[in-house]
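Novice: quick one, what's the 3D model for this:
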Amino acid sequence: NPIASISRSEERTKRLAPYIAGFSSRGPNSFTPNILKPDLAAPGVAILAAWSSIAPISIIVRDGRVGLYNIISGTSMSCPHASGAAAYVKSFNPTWSPAAIKSALMTS
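Specialist: Below you'll find the model as predicted:
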């Protein structure tokens, strides 16, 4: 049975914050101008991810290449990053509620 572990990390450099991808939702919007979105952002552009070997790896017609990995973008790529960050916070604060974990991620 495979076993995984999560270790503490430490900040090594200071960098400017990344920007939100053009395809991401942003706030405020006309229906709720007082609510800013997104609450939380995670990497989701050009992520190396598992890929089905029966799916084409490009949109080019007659491209017969297959692969087990592909570089793709979208919310389906950022969700695992946000989930992993939440699990990391939870591992050090097991009694925290989901709301407390979300708050910690939003304010850090």
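
Novice: and the residue nearest to the spatial centre of the chain, what element?
Specialist: Nearest to the mean C-alpha position of the chain, counting by C-alpha atoms, centre = their mean, stands residue 78 at 2.1 Å. Element membership of residue 78, judged by DSSP states H and E, is helix 75-92.

Novice: and after that helix, which helix or strand comes next?
Specialist: helix 98-106.

Novice: coming back round to it: who touches the helix holding residue 78?
Specialist: With contact meaning C-beta atoms under 8 Å, 6 or more residues apart in numbering, helix 75-92 is reached by 6, 8, 24, 40-45, 47, 49, 96, 101-102, 104-105. For every residue, glycine as well, the C-beta is placed using N, CA and C.

Novice: among the residues you listed, who's most crowded?
Specialist: Highest neighbour count within those: residue 44, with 21 neighbours (other C-beta atoms under 10 Å).

Novice: and the gap between it and residue 25?
Specialist: In this view, residue 44 and residue 25 are 12 Å apart by C-beta to C-beta, to the nearest Å.

Novice: now swap in residue 36 and tell me
Specialist: For residue 36 relative to residue 25 (C-beta to C-beta), the value is 11 Å.

Novice: with residue 83 instead?
Specialist: Taking C-beta to C-beta, one finds residue 83 at 18 Å from residue 25.

Novice: okay, and residue 70 sits in which element?
Specialist: Using DSSP H and E, residue 70 maps to strand 69-72.

Novice: give the partner strands of that strand in its sheet and their orientations.
Specialist: strand 47-50 (antiparallel) (DSSP bridges).

Novice: low pLDDT regions in this structure?
Specialist: 17 (pLDDT under 70).

Novice: mind checking the end-to-end distance for stretch 67-79?
Specialist: With C-alpha to C-alpha, to the nearest Å as the measure, stretch 67-79 spans 23 Å from end to end.
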